[in-house]
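Engineer: turn this into a structure:
(4 chains)
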There are 2 protein chains.
Amino acid sequence: MARTRATIMDIARELGLSKTTVSSALGGSGRISDEKRELIQETADRLGYVTNRAARSLRVNRIGTIGLHIPPVARSLAFYMDFAFGVTEGAAAADYDVTLFARELTPRMAFQVDGVIAIDPAPGEPLVAALLAGGIPTVSVGRYSGPGEERVQGTLEAHHAELQTQALNHLLARGRRRTALLAIDDEIASSWAVDTRRTYTEWCIRNGLEPQVFEVGAGASPRDLVAAITQAVDLGGADALVCGAQGQAAQSQIVLEGRGLALGADLDVVSFAGAAALETGNPLISSIDLAPRAYGKAATELLDAIIQHPDAPPVHRWFEGASVHLVR
Amino acid sequence: MARTRATIMDIARELGLSKTTVSSALGGSGRISDEKRELIQETADRLGYVTNRAARSLRVNRIGTIGLHIPPVARSLAFYMDFAFGVTEGAAAADYDVTLFARELTPRMAFQVDGVIAIDPAPGEPLVAALLAGGIPTVSVGRYSGPGEERVQGTLEAHHAELQTQALNHLLARGRRRTALLAIDDEIASSWAVDTRRTYTEWCIRNGLEPQVFEVGAGASPRDLVAAITQAVDLGGADALVCGAQGQAAQSQIVLEGRGLALGADLDVVSFAGAAALETGNPLISSIDLAPRAYGKAATELLDAIIQHPDAPPVHRWFEGASVHLVR
DNA sequence: ACGATTTGCGGGAACGTTCCCGCAAATAAA
DNA sequence: TTTATTTGCGGGAACGTTCCCGCAAATCGT
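Structural biologist: Numbering: from 1, shown residues only, chains lettered A, B, ... in the order given. Purely as a prediction, here's the structure:
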């Protein structure tokens, strides 16, 4: 990097002012006359000035970066991707960079971030445990359980149970009595996966219905999914398919329509984690829109608050941006 | 961030040495006796020392961060995700952070990175154009065309044409004569999408076969995909389905098997961009494994080389890690 | 009109690192 | 031994910011 960029001193020299004045004008602090402030801002733009983050970080003793941990799964990638972009967006607003955490944590990395967002952490996830042990401010999206769980300063959750119950009640209102849940069979299941299953079964029991859960492995092949659907419909005689993982509802649509069944008439399909265009907005599928982008942004804002008040007690916050879309 | 970590000076004080000695011992430079070097390293570990990147960046005038640009598409996410983790891995080895670039580039961000990797950039992609205009060292994975293309210092490509031809020849060897390509119909197609289509049609012509291309929109719903497959098989009478986008082959498998067709017997399916577990390793689908993780790592290494030799002429490099898996 | 307060700005230090140089002691060359 | 050369280490400056303080001028209160 031979290229050298304009510094605060260049601006100061250009205007015959001191670096202090320029710094506080740009930073919004200090007591500067409005005319000078404008002038400084203007020449800063003209010179293409952009503040040197390294210098600032060094001085104010903050890294300016937050880490993002995404669980090592094959499913729901679109959700995580959008979530990541939401984090990026929120981070930019609060002047953070976002760095992606690889599966393995090299111990140094932990101390190169001001805080971490872990989305859908598996119970006892070693990377999260290590971060917590290191005292890194951590926001868990979905609950984290495992070593150091008492040190999670922030937890963000959507109203999964309420939304899911709404969607399920809608099935009932449409006269469906034989529902089947396609659940993710992950040996280390996230709180979402666990809650989802419980919400479903308890809802069934409350309503006098028989819960039918069909496991689909996390790394399930298309055939496995087809097998599960077939089983649910043929053996289980299901008149409504409730899909846990993102994309499963769309897959089900293919399979079912391929068999000549009409969605909305012969049976209903609902997605508990609607994929952007495929499921959300699909007129034949009821779906919960987790609004991943806004979700990620909210997580970042929570983390930022925690970083700025490190000694505040742990906080649990609800994300209000998720919504449910019901067919006709 | 109230937490304050051990500095190089703490180590120096502890051992009665100077910061210079400690720094060069840790950095591997300078002339230090082996005994002292060991001693320093040891106490550094003991004190949990980790070098302050801000201070180093400030001093050596490098940011220590590379940006990653992922195209705003819904498909092939698993590929991009794995690619991203490959980048992260390679970056860690060369002591970089990786920051995700959101869709929109705030102009400041461009100068907070030492370089950028753009994977499958669309022609004229504004973000890439802006980066190139700003003189940021840029590696394009797949060719970039558009404003500033002459300033792309590094291009990395896999042997798509060769691998695809191998897979196609294999179809021929199995007696398939009526192949159909499921192509991505993107208004702003990446070089990969364009090349793939050309490779296919030229191969057909060379072998006296009639090329059949079925467009599938980038944001295609499952129904659209089913429609394309149905069209190819029923109307086109295809005995082999060549799938461009990741995941399409697996989807096709569902549809075809749902219709009672046997893969490998009634017809063949090949994937030009095999998804990790679903297609790669699927005994019934021939697929090209783009080895996204290694691909990302290679891209990072190329970028690092370019950052260190900014004045070197533009370089085009082949990625040798991709491979093709043929059914029986 | 005189002291008290506010306003506008600048000087200097500090953050933690690396790198250039200098200098003594040890070793090699003569 | 005397003169070069190498080895091992330390002093000090610099990177670009921010922040604490200080100080003159302007404004205020009475």
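
Engineer: from here on, contacts and neighbour counts on C-alpha atoms
Structural biologist: Fine.

Engineer: low-scoring stretches of chain A, by residue?
Structural biologist: Applying pLDDT under 70 to chain A flags residues A:1-3, A:74, A:102-110, A:186-188, A:218-219.

Engineer: show me where it has its strands.
Structural biologist: Per DSSP state E, chain A carries strands over the ranges A:65-69, A:97-100, A:115-119, A:138-141, A:154-158, A:179-185, A:213-217, A:240-243, A:268-271, A:285-289, A:315-319, A:323-325.

Engineer: other SSEs contacting the first one?
Structural biologist: Counting by 3 or more CA pairs under 8 Å, 6 or more residues apart in numbering or on different chains; DSSP states H and E, the packing neighbours recorded for strand A:65-69 are strand A:97-100, strand A:115-119.

Engineer: tell me where the stretch 151-300 of chain A has helices.
Structural biologist: A:160-173, A:191-206, A:222-230, A:248-258, A:292-308 (DSSP state H, counting those that start in this stretch).

Engineer: who in chain A is up against DNA strand C?
Structural biologist: For chain A, the residues in contact with DNA strand C (CA under 7 Å from any atom of the strand) are A:16-22, A:30-33, A:36, A:55-56, A:58-61.

Engineer: any quick ChimeraX command for the buried ones out of the residues you listed?
Structural biologist: Remark: buried members of the residues of chain A next to DNA strand C, expressed as a ChimeraX selection using 16 or more other CA atoms under 10 Å in any protein chain shown:
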select /A:19,21,22,55,56,58,61
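
Engineer: on that earlier part again, make CSV out of the strands of chain A and add mean neighbour count.
Structural biologist: Putting the strands of chain A into CSV (neighbours: other CA atoms under 10 Å in any protein chain shown) gives the following:
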stretch, mean neighbour count
strand A:65-69, 24
strand A:97-100, 25
strand A:115-119, 26
strand A:138-141, 26
strand A:154-158, 21
strand A:179-185, 24
strand A:213-217, 18
strand A:240-243, 26
strand A:268-271, 26
strand A:285-289, 25
strand A:315-319, 15
strand A:323-325, 19
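
Engineer: so which of the ones you listed is nearest residue B:97?
Structural biologist: Closest of the strands of chain A to residue B:97 is strand A:97-100, at 6.4 Å (criterion: CA to CA).

Engineer: report the distance from that closest one to the chain centre.
Structural biologist: 14 Å (CA atoms, centre = their mean, to the nearest Å).

Engineer: report how many residues lie close to residue A:312.
Structural biologist: Applying other CA atoms under 10 Å in any protein chain shown, we find 11 residues neighbouring residue A:312.

Engineer: how much space between it and residue A:118?
Structural biologist: 19 Å (CA to CA, to the nearest Å).

Engineer: what's the closest non-adjacent residue to residue A:178?
Structural biologist: Leaving aside its sequence neighbours, residue A:178 sits nearest to residue A:238 (CA to CA, 6 or more residues apart in numbering or on different chains; 4.9 Å).

Engineer: residues contacting the one you found?
Structural biologist: Contacts for residue A:238 were tallied using CA atoms under 8 Å, 6 or more residues apart in numbering or on different chains; they are A:178, A:179, A:180, A:232, A:267.

Engineer: circling back to that earlier point, could you dump the strands of chain A to JSON lines with distance to residue B:88?
Structural biologist: Listed next are the strands of chain A as JSON lines, based on distance: least, CA to CA, whole Å:
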{"stretch": "strand A:65-69", "distance to residue B:88": "12"}
{"stretch": "strand A:97-100", "distance to residue B:88": "7"}
{"stretch": "strand A:115-119", "distance to residue B:88": "16"}
{"stretch": "strand A:138-141", "distance to residue B:88": "20"}
{"stretch": "strand A:154-158", "distance to residue B:88": "26"}
{"stretch": "strand A:179-185", "distance to residue B:88": "28"}
{"stretch": "strand A:213-217", "distance to residue B:88": "27"}
{"stretch": "strand A:240-243", "distance to residue B:88": "32"}
{"stretch": "strand A:268-271", "distance to residue B:88": "32"}
{"stretch": "strand A:285-289", "distance to residue B:88": "30"}
{"stretch": "strand A:315-319", "distance to residue B:88": "29"}
{"stretch": "strand A:323-325", "distance to residue B:88": "34"}
